[in-house]
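A.B. asks: Test case, fold it:
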Amino acid sequence: MLDDSLDAGHPVGQGTMELRAAKAKAPAPSSSSGGKSAKKKKWSKGKVKDKAVHAVSLDKATFDRIMKEVPTFKFISQSILIERLKIGGSLARVAIKHLERDGQIKRIVHSSNQLIYTRATAASD
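C.D. replies: Model (predicted):
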């Protein structure tokens, strides 16, 4: 009885009934049509840097290379030795201390963060 009175001539009642009927007839959104759930953005995983494989023990070939090449570098630091000679950080620190003790390199800056050396020249002694 209540539904009959809404349909009988009340304009608001007709509108709401028509909206309910339209919503009931509307098809469910499919994944092929546009909309929020159509395609989700695939975020990049980011670039992954390759793991460096540096020597952690000193062999004869590496020791000879350090003794021959490092005193010719103009700028010597732990980072330079790691990058150029592909050795670990602890080996680089030991090599720098050894070369300084032998007098083949001389200290420029010695802080707790970075050890910076240069080649020793004969005129500076």
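
A.B. asks: drop to CA atoms for contacts and neighbour counts, all remaining ones
C.D. replies: Will do.

A.B. asks: ok, Ala95 - how many residues close by?
C.D. replies: 19 (other Cα atoms under 10 Å).

A.B. asks: Oops, could you answer that again for Gly88 instead?
C.D. replies: 20.

A.B. asks: Mind pulling up the pLDDT for it?
C.D. replies: What the model reports for Gly88 is a pLDDT of 92.

A.B. asks: so it sits right up against His54, yeah?
C.D. replies: Yes: between Gly88 and His54 there is a contact under Cα atoms under 8 Å: 5.4 Å.

A.B. asks: which neighbours do these two share?
C.D. replies: Ile82 (Cα atoms under 8 Å, 6 or more residues apart in numbering).

A.B. asks: Thr118 touches Val70, doesn't it?
C.D. replies: No: the pair Thr118 and Val70 does not pass the contact test of Cα under 8 Å, sitting 9.5 Å apart.

A.B. asks: ok, the two, which is more surrounded?
C.D. replies: Counting neighbours by other Cα under 10 Å for Thr118 and for Val70 shows that Val70 has the greater number, 23 against 20.

A.B. asks: Please name the nearest non-neighbouring residue to the more buried one.
C.D. replies: Nearest residue to Val70, sequence neighbours excluded (Cα to Cα, 6 or more residues apart in numbering): Ile76, at 7.4 Å.

A.B. asks: Around the one you found, count how many other residues there are.
C.D. replies: 21.

A.B. asks: cool, and Val53?
C.D. replies: For Val53, using other Cα under 10 Å, the count is 9.

A.B. asks: what does the model give it for pLDDT?
C.D. replies: Reported pLDDT for Val53: 80.

A.B. asks: Distance-wise, check it relative to Lys60.
C.D. replies: Here the criterion is Cα to Cα, to the nearest Å. By it, Val53 lies 18 Å from Lys60.
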